[in-house]
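Novice: I need the structure of the sequence given here:
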Amino acid sequence: MEASMAGSAPSDVTRPDARRLSRGTGFSTPDPRRARTRTEAFLDCAHAMAVRDESRFRAQVRFASVGGIGLLATTYRTPVAITCVPPIPWVTLNFLSTGSAVSSVEGSPPLALDADRATVFTYDRPLTIRMSPEAYQLMVLIDRRRLETALERMLGRRPAGPLSFEAALDVGSSSVTAAVSMLLHVLRTSPSGRPPPAVAAEAERSLVSALLLGQRHRHTRALFAEPERPPPRTVARVVELIESSTDESLGVADLAREAGISERALHAAFRRHTGSTPMAYLRRVRLDRVRAELAAADPVTGSVTEVALRHGFGHLGRFAAAYRARFGESPSTTLRR
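Specialist: This next block holds a predicted model:
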């Protein structure tokens, strides 16, 4: 039986909430074995599940994706213990909307989870998470290789040793929380449940960057060490690339690769020579292109939303605010003129 995971909206919309994942594929079942098998198909890896009271068991599971990021919402109505053993291809962020849980990683003290305390699981050692009957969990899955590739770009070299994150994540103060909430927003806003590729790619990059820059890990100190100083002509070359490119999925990683330097070196060089960041400059260029397209569009058949999404702006409220700040009028005013 297919089931909706939608529920009442939480009062704090900035907090990731499993109940707000209404897109994607879902199921409901009283059979623990079927629940585990179908969930494994979403995760593309095996796990063990121990159920305290099978007579009360009722799994509700929903899975969706934005770009290469997976979103899995689960609740079981009875205490369960889920055990994962390496190798597992994911790094996961685990948020509880309701209830509580305790995670145990081999060789580390137990870690409590609730609505204010989330976790980052690297799966470099066997792990068990025990959830209360009220637990409603949102698991965000990020391909480990995607993170390692992004970290290597930021460092400008291959990292010395594997990537391992600090497990505890403060939901109320983490930039990671905001990036996950944006993923949910992008998913809900897209009419078909499939965001435009440029929007999905930007949301995915935002989460990867927020996790690598905002959550402590083994390479944090190296990541924030003083970067090399590329010459001014490097910035000029990147500016030229931004202004000449028609690829709306262009991001910092692409710009750094074309310049032949690390992402953090590019950020430092841009701030030093322009007082801005590469993405801020790129957004200005995209806003200029949106304005030109709106000014040339038919005011009857033209659509601000379609133009904004086509140019990589997934959050229409922020787009409208940025547009007004840059041009002194709303996008719809430009379209009607």
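Novice: so which strand or helix has R194?
Specialist: Assigned by DSSP states H and E, R194 falls within no helix or strand.
Novice: That one - nearest residue in space that isn't next to it in sequence?
Specialist: A200 (7.9 Å; C-beta to C-beta, 6 or more residues apart in numbering). Heads up, the C-betas are built off the backbone N, CA and C, glycines and all.
Novice: for the helix or strand hosting that neighbour, packing partners?
Specialist: Counting by DSSP H and E, the element that carries A200 is helix 197-214. Here helix 197-214 touches strand 59-66, strand 69-75, strand 136-143, helix 144-155, helix 175-189, helix 252-259, helix 304-310, going by 3 or more C-beta pairs under 8 Å, 6 or more residues apart in numbering; DSSP states H and E.
Novice: now those in TSV, with mean neighbour count, mean pLDDT and distance to Y323?
Specialist: Shown next, in TSV, are the helices and strands packed on helix 197-214 (neighbours: other C-beta atoms under 10 Å; pLDDT from 0 to 100; distance: least, C-beta to C-beta, whole Å):
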stretch	mean neighbour count	mean pLDDT	distance to Y323
strand 59-66	23	96	24
strand 69-75	23	97	27
strand 136-143	22	98	30
helix 144-155	18	92	29
helix 175-189	21	92	17
helix 252-259	19	86	22
helix 304-310	18	91	8
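Novice: the bottom helix or strand of this structure by mean pLDDT?
Specialist: helix 263-274 (a mean of 84; mean pLDDT, DSSP states H and E).
Novice: mind listing what's buried in the strand or helix carrying A112?
Specialist: Using DSSP H and E, A112 sits within strand 111-113. By 16 or more other C-beta atoms under 10 Å, the buried positions in strand 111-113 come out as 111, 113.
Novice: For it, which strands pair with it and how are they oriented?
Specialist: strand 101-105 (antiparallel) (DSSP bridges).
Novice: I'd like the distance from the partner strand to the chain centre, please.
Specialist: Chain-centre distance of strand 101-105: 23 Å, with C-alpha atoms, centre = their mean, to the nearest Å.
Novice: for stretch 314-325, same thing?
Specialist: Counting by C-alpha atoms, centre = their mean, stretch 314-325 comes out at 20 Å from the chain centroid.
Novice: can you list the domains in this structure?
Specialist: Per the record, the chain has its domains at 18-201, 228-336, by automatic domain parsing.
Novice: quick one: which of the ones you listed is nearest R221?
Specialist: Distance to R221, taken as C-beta to C-beta, is lowest for domain 18-201 among those, at 11.2 Å.
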